[in-house]
Structure formats: structure tokens, C-alpha cells
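Q: next input, structure requested:
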Amino acid sequence: MAGMNDVGSAARFAEPGPSQREFLLVLTDGGGTIPPELGVARRLVGRGHRVTVLAAESMAGQVRASGAKYLPCKGAPVGELRDWGRQGPARLARAMVDHMFVGPAPGQAESTMEVLRQSQTSLVLASFPAFGAMIAAEAHGTDFAVLMPNAYPLPARGLPQPVTGMSPARGPLGRLRDSVVAAGSSRLMDRYALARVNALRADHGLAPIATTWDQVHHARRQLILTSAAFDFPGELPANARYVGPILDDPAWATDTQWTPPVGEVPLVLVSMSSTFQDHVACLQRIADALGMLPVRGLLTTGPAIQPGQIRAPANVTVVASAPHSRVLPDASLMITHGGHGTVIKALAAGIPLVILHHGRDQAGNAVRVTARGAGVSVPRSAQAPRIAKAVAHVLATPGYGQAAQTLGRSIAGDAKENALLAELEG
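A: Predicted coordinates for the structure are as follows:
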């Protein structure tokens, strides 16, 4: 379908840019954020630019596959972020700060500064949690931009934050709801992060900031790697830009051996998180649900789960991975946890969704789908009969597919535009 890219399809960006420049990407291992962020690197390499990527050792192979130069990043997060299970907002915020935003920042800043002092880098591109890279770039006097491969994640007037799973506010009470939620989430970040961020800024000769999110707002650009048609409208900062989604398949899914289930009944693709979210039981219930229906199921477990952990009904094939760009043109429906990359690829292909969101920004992605009539959401704890009922309902109701195709045309069009390259080369 239009807009679906595999890893090699970035070749259409290979015509030379206006002049060769040097870019430094400092990326965090965020699971589903890796393919679109490395898609940025791949497109810059294809335009003839010199691209270096600072990242954890776990990303080395994927970085090299993009054509960029890989360098290990000091202070990269170690171990698993246990952001699943029963825990309150305060505990979750502290875990995110320690593991992703501030814990790795000193080593990240040191690695970034070393590269900047030895290169002619014209722009640093940092993952949203890579605060150390932002601070080093600011201290060195090099412009930096922040990559946001999801719906806009920061508080903005009129825009419910994705982690809340809320629909856009209506009327004064709705606006009050949003302001209270935004203020509360910002206070949580400031409680655990602000003093440590300002201490690192002071170490690099920078003045303190008033709120943690001010560090992101100091960027030359906040590059939102999704379609404005997918996100809800809001009053974003002047430096924020929607530059369209990157639909590349992850490197670990492009060369896998897989065979689509045979038959003429609808093909249902199942794709959950590429990182562990305690979702083995959920995958099993989905497989059982598909076993109750006249469909062909292709269930991809991703790198966090082994295919052998799932008992497959006769009409369901379970594989570690399969490139979505090759599966989705033949699919009638996708079942997913609601990660942005999976959702946006399905919509770009005009495929409706059944979403069992687990956490992170997934509830927000789910409501962006259901508000447009392009799918339904059921609880992650739903039992197989309820999941089967949702799948049958979406397949039997043409309006879901029509809504997905309408939204998908805008998303696919944004993916084909060169807005990202225009921002980076302009």
C-alpha cells in the first residue's frame, strides 16, 4: 500500500542534498522508537550526509544496517525498564527518570561532547529521553533537535497527553481537566528530575531551567515523527513540527523466514510490543480468540518473546517476526498493543485495528484510533471470547475499514513528503 516502506525503500531519498553536512544522532534503546529514529539516519545517509550514531551496544547492529557510523554511548540505560505491572504514577515517573531521562544523562553528555569536539557536527538529533545529549549540544554551542516518534508527548494547550488515554477536552471543565493533569505530570517530573538536570547543566556551564521540559523546549526543533492527521490538534510550541511518520520495518524483521497462512478467509496480523510488557498471557488469549473465528492469523512475537511460548490453534501461524510492509497489503485487520509504530503502519495501509493497550503512550494511540472510527479498543485483560467478538465486529462492519482508509491516505501522504529532510537540511 502507499506509504509502506521496508528498510531498503529509503533509496528514494538518495538524491544528493543541497550540500554534505555532518549529523550526530544520540539515541536511546526505546524498542519501537528505534526503527523510525534510525530511519532518520538512513535518509540522511541516502542524501550523502555524514551520519554518526551514539547508542547502546544493543543497537549497534541496527545502526550499522542504516549505513551510519556507530559509536558506543557511555551511560546508556542498563537492564529492563519495568514499567508494567501494578505501580502508581509517582513510582512510574521515578523509574522513567532514573532509567531513561536522567540516570544515563551524565555519560550521554560526556560521549556527546567528545564527538562534538572532534567533528564538524552541524546538528545533534537526540531521542526524546536523551537529556544528556541535549545539554552537551547546548553547552558546545551546536544546534540540537529532538526526535519524537509518537504523538506529541509534552503538555500543550488543547492536547490531552498520550499517556492519559483521554479524548480532547470539551468546554471549561474539559480544559480544567487537561490543565490539572498537565500540571500534575509536570510536577512529578520536576520532583524527580529537575534538580539533577540543573546540576548537570551547571557542570557544563549552563544556567538552570525552570521546569524539566524546558530542556526539550530549548531545541531548535521538536520533530514529531507522525502525521498531524493522526494526533489530536493542540497549541504546540513554535519550534514543534509534524514531519510525517517513518514506516520502515526494524532491521531484525526484514530478513526473517515466514510464510503467510494459506486460505481465502481474512488475514489477521497480530503484533505486540518489541520490548517486554508482561504480555505473554495476552498474546495467548489473542491466539485462542483467533482460533474461534473463520480467519487466518499471523502472530508475530517480536524479540521479547519466543514463538514457542504461544500455543497456536490450527488457523494461526506464530513466528518471531515478519516485515509489516509485506504482510499488511494482504491483511484485513491488525491486533496490537497500541504502540505508535505498529498503529501508524496499519493505518497507512488502510487496515482497521483492535487494540489491547498496555501502558506508555498506548492508551493515547488507542483513543486516537477509536475517535476516528478506525478500530476498537478492549482491555488487555480481556478473555478470548471478548477479543473474538471485537475482531468479528470490526471485520463485519465496513465503516471501520473505510475510516482507516480515509485516515490512512493522509498518513501515507505525510510519510511520502520530504518535510523531515526539509527541516534537517533547511
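Q: what helix or strand is Gln222 on?
A: Here Gln222, judged by DSSP states H and E, is contained in strand 221-224.
Q: quickly list the domain ranges of the chain.
A: Here the domain parsing of the chain from automatic domain parsing is 7-249+415-425, 251-412.
Q: now mean pLDDT and mean neighbour count too, for the ones you listed, in a markdown table please.
A: From N, CA and C alone the C-beta is placed, and that goes for glycine too. Listed next are those as a markdown table, based on pLDDT from 0 to 100; neighbours: other C-beta atoms under 10 Å:
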| stretch | mean pLDDT | mean neighbour count |
| --- | --- | --- |
| domain 7-249+415-425 | 88 | 19 |
| domain 251-412 | 90 | 20 |
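Q: and the strand holding Gln222, what does it pack against?
A: The contact analysis (3 or more C-beta pairs under 8 Å, 6 or more residues apart in numbering; DSSP states H and E) places strand 221-224 against strand 144-148, strand 240-242, helix 419-425.
Q: can you give me the strands in the stretch 251-400 of the chain?
A: 267-271, 296-300, 316-319, 333-336, 353-355, 375-377 (DSSP state E, counting those that start in this stretch).
Q: I'd like those strands as CSV, with distance to Gly39 appended.
A: What follows is these, written out as CSV (distance: least, C-beta to C-beta, whole Å):
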stretch, distance to Gly39
strand 267-271, 18
strand 296-300, 19
strand 316-319, 23
strand 333-336, 19
strand 353-355, 22
strand 375-377, 24
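Q: that older thread, in TSV: the helices and strands packed on strand 221-224, plus distance to Arg296.
A: Output for those, formatted as TSV (distance: least, C-beta to C-beta, whole Å):
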stretch	distance to Arg296
strand 144-148	36
strand 240-242	36
helix 419-425	36
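Q: do you know which of the ones you listed lies nearest Arg170?
A: Nearest to Arg170, of all these, is strand 240-242, at 23.3 Å by C-beta to C-beta.
Q: tell me the strands beside the closest one, with direction?
A: strand 221-224 (parallel) (DSSP bridges).
Q: got a list of contacts for the partner strand?
A: Strand 221-224 is contacted from outside by 125, 145-148, 150-152, 154, 216, 231, 236-237, 239-243, 420, 423, using C-beta atoms under 8 Å, 6 or more residues apart in numbering.
Q: so what's the backbone phi/psi at Thr28?
A: phi -110, psi 150 (degrees, to the nearest 10).
Q: go ahead and confirm it touches Gly132.
A: No - the pair Thr28 / Gly132 is not scored as a contact, 10.0 Å apart, by C-beta atoms under 8 Å.
Q: need the residues touching each of these two.
A: With C-beta under 8 Å, 6+ apart as the test, Thr28 and Gly132 both reach Pro104.
Q: just the CA trace of stretch 333-341, in PDB.
A: What follows is stretch 333-341, C-alpha atoms only, in PDB (Å, rounded to 0.1, in the frame of the first residue of the first chain):
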ATOM      1  CA  LEU A 333      -7.200  -6.400  10.400                       C
ATOM      2  CA  MET A 334      -4.400  -5.900  12.900                       C
ATOM      3  CA  ILE A 335      -4.500  -6.700  16.600                       C
ATOM      4  CA  THR A 336      -1.900  -4.800  18.600                       C
ATOM      5  CA  HIS A 337      -0.900  -3.400  22.000                       C
ATOM      6  CA  GLY A 338      -1.200   0.100  20.500                       C
ATOM      7  CA  GLY A 339       2.500   1.100  20.000                       C
ATOM      8  CA  HIS A 340       2.800   4.100  17.700                       C
ATOM      9  CA  GLY A 341       4.900   2.400  15.100                       C
END
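Q: now that stretch, how far from the centre of its chain.
A: The chain centre lies 11 Å from the centre of stretch 333-341; the measure is C-alpha atoms, centre = their mean, to the nearest Å.
Q: switch to numbering from 12
A: Got it, the first residue is 12 from now on, which makes the last one we talked about stretch 344-352.
Q: residue contacts, Val389?
A: Counted by C-beta under 8 Å, 6+ apart, Val389 has contacts Val365, Ile366, Leu367, Arg397, Ile398, Ala401.
Q: Gly78 contacts Val62, correct?
A: Yes - here Gly78 reaches Val62: they are 7.4 Å apart, a contact under C-beta under 8 Å.
Q: can you list residues touching both of these two?
A: Common contact partners of Gly78 and Val62 (C-beta under 8 Å, 6+ apart): Ala52, Val56.
Q: is it fair to say Ala221 lies in a strand?
A: No - assessed with DSSP: H, G, I helix; E, B strand; the rest coil, Ala221 is coil; it does not lie in a strand.
Q: how close does it sit to Arg212?
A: Separation of Ala221 from Arg212 (C-beta to C-beta, to the nearest Å): 12 Å.
Q: so what's Arg391 closest to, chain neighbours aside?
A: Counting by C-beta to C-beta, 6 or more residues apart in numbering, Leu367 is the residue found nearest to Arg391 once chain neighbours are left out, at 4.5 Å.
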